[in-house]
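Q: how would this look folded up:
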Amino acid sequence: HNFGLTNSVFWISLTLDYPRWANKLPEKHWYLEVARAQLQQCELFFPNGDGTFTKEAVDLRESYSVRKVRHPNSVFPITTKLDQRITLYLRIKSDNALIIGLNLWTPKKFIEKVADDELIYGVFFGGMLILMLYNLFVYFSVRDISYLYFVLYMAGITLFEYIEMGHGLTLFEDSRGWARHSIISPLVWSTWWAIIMFTRKFLDTERYHRRIDHFLKFLQSFIGIYLFTSFLIERDVVSTWLSGFTFLGLLLLLGISFYSWSKKNENAVYFSIGWLLTVSGGALQALALLKVVPSAPIYLAGAPIGFLTGAVMISFSLADRIKRLQKEALEANERAVQNMARFRSTFNNAIEGMYRMTIDGKFASANPAMARLLGYDSVEALKRAGKEAVDRCFPGGEGQLQQLAFAGRLQMEVSYTRRDGKTVWVDHFTQMIRGN
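A: Numbers count the residues shown, from 1 in each chain. Next up, the predicted model:
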């Protein structure tokens, strides 16, 4: 039953028939499951046979410790007797989307169903926790902000599923105030902000897709406004906007990722596959709720499975991205070393005198031609000469150095007095390089 986003109270009647011709046991035990966690109200009215009813409540008003069946959903034990035909009434109210299934289980089948559920959600929550810890560790190791936004996205999705599905809440007994539906809207809006920020940083849209980057910035502004107003506007309105935005947003990001892939953005390959898995999982769950596919646990768990497999694929994408960045850095470093070697060869073998000097007036380096020009036997002898060599290079003294500092460059024809006393005329060009 899909009642959509509503605050209304719904009454459901169920008639159970236990005919003698189809059964042998004088009585049989069942579990009636209302397959929806965190219901504000869920009451079962059982007829006493005299026109009165016995009411049993299994909802957020009752702690898990006092429930007859300790389960996130509302579960009622029922006993039927031969030739008995009874009509039960359920009174249900939720403060969020009300999509429920009504299942009548034998105790054996219910145990099997719980085992299937716990396996699925155990893998989901355990897998998401491992991925969050791994990517957080990588973030602190490489300081790539993309990892942090990805961790925030996974944390938001995990907390949303934890609240929505209720699995694991039974461990906290009555400490459930922080896990109410009232925080879902701010949580999902915040998660969307992290998703878009991660998309921008990971796909580097500011560099490769400027128009898309501007559009994503606009979406972030839109999300910020609705995150703030979600505390002020009625929850029904916020939930409607959030549902519509989530549907369109998933398709939009899927389209952006495939567009980036088509534009040869190497970061978009695994990213596109990850989003495709995420969207497919959510679609599978929606089809199960709409009864297009069977309402088997594997289909109803489509969204958590899609989130987990998508997160794994995006983690692969992050690892591949770091690997490529490291490879590019190594290649750039190798090119720099090769360029430095070529520069050093040119510098040492040039026939023109070349030098580098510190701001305090000391030769940092020079080539052999410069040493010979000033009358020194070697570069080492030139550097050992210190101020003497500087005065020979700048015969105008402090005035020329101040002119260089003020103008940033100096070009002049000047006569050098070599160390051996000979005079040579040179065309002297020097330039000040700041920040190195």
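Q: any idea how many residues pack against residue 347?
A: 18 (other C-beta atoms under 10 Å). Backbone N, C-alpha and C define where each C-beta goes, glycine included.
Q: isn't it right up against residue 367?
A: Yes - if you go by C-beta atoms under 8 Å, residue 347 and residue 367 touch, sitting 5.3 Å apart.
Q: got any residues that touch both of these two?
A: residue 354 (C-beta atoms under 8 Å, 6 or more residues apart in numbering).
Q: just the C-alphas of stretch 222-236, formatted as CSV.
A: C-alpha atoms of stretch 222-236 as CSV (Å, rounded to 0.1, in the frame of the first residue of the first chain):
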residue,chain,number,x,y,z
PHE,A,222,19.1,26.3,-4.3
ILE,A,223,19.9,23.5,-1.8
GLY,A,224,21.3,25.9,0.8
ILE,A,225,18.0,27.9,0.6
TYR,A,226,15.9,24.8,1.1
LEU,A,227,18.1,23.4,3.8
PHE,A,228,17.4,26.6,5.8
THR,A,229,13.7,26.8,5.0
SER,A,230,13.2,23.1,5.9
PHE,A,231,13.2,24.2,9.5
LEU,A,232,10.5,26.8,8.8
ILE,A,233,8.1,25.3,6.2
GLU,A,234,5.6,22.5,6.8
ARG,A,235,7.1,19.1,6.5
ASP,A,236,4.7,17.9,3.8
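Q: I'd like the numbering to begin with 41 instead of 1 from here.
A: Noted, 41 is the first residue going forward, which turns the last one into stretch 262-276.
Q: for that stretch, buried residues please.
A: 263, 266-267, 270, 275 (16 or more other C-beta atoms under 10 Å).
Q: can you check stretch 154-166 too?
A: By 16+ other C-beta under 10 Å, the buried positions in stretch 154-166 come out as 154, 157, 160-161, 164-165.
Q: shaky segments in the stretch 91-240 of the chain?
A: Applying pLDDT under 70 to the stretch 91-240 of the chain flags the ranges 136-137, 208, 211-222.
Q: what ranges do the strands span in it?
A: For the stretch 91-240 of the chain, the strands defined by DSSP state E, counting those that start in this stretch cover 93-97, 113-121, 124-133, 137-139, 142-145.
Q: looking at these, spot the one closest to residue 290.
A: strand 137-139 (16.7 Å; C-beta to C-beta).
Q: kindly confirm my reading that residue 82 forms part of a strand.
A: Yes - using DSSP: H, G, I helix; E, B strand; the rest coil, the assignment for residue 82 is a strand.
Q: tell me who's in contact with residue 141.
A: Contacts of residue 141 (C-beta under 8 Å, 6+ apart): 41, 73-76, 335.
Q: residue contacts, residue 464?
A: Residues counted as contacts of residue 464 (C-beta under 8 Å, 6+ apart) are 413, 455-456, 458.
Q: are we agreed that it is in a helix?
A: No - applying three-state DSSP, one finds residue 464 to be strand, outside a helix.
Q: save the buried residues of stretch 154-166 as TSV, and put in distance to residue 382 too.
A: Shown next, in TSV, are the buried residues of stretch 154-166 (distance: C-beta to C-beta, whole Å):
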residue	distance to residue 382
154	71
157	66
160	61
161	61
164	56
165	57
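Q: can you pull the contacts of residue 192?
A: Residue 192 touches 231, 234, 238, counting by C-beta under 8 Å, 6+ apart.
Q: if you set the cut-off to 6 Å instead, what comes out?
A: Contact analysis of residue 192 by C-beta atoms under 6 Å, 6 or more residues apart in numbering lists residue 234.
Q: of all the strands of the stretch 91-240 of the chain, which one is nearest residue 369?
A: strand 137-139 (47.9 Å).
Q: biggest separation within the contacts of residue 464, which pair?
A: Among the contacts of residue 464, 413 and 455 lie farthest apart (C-beta to C-beta), at 11.9 Å.
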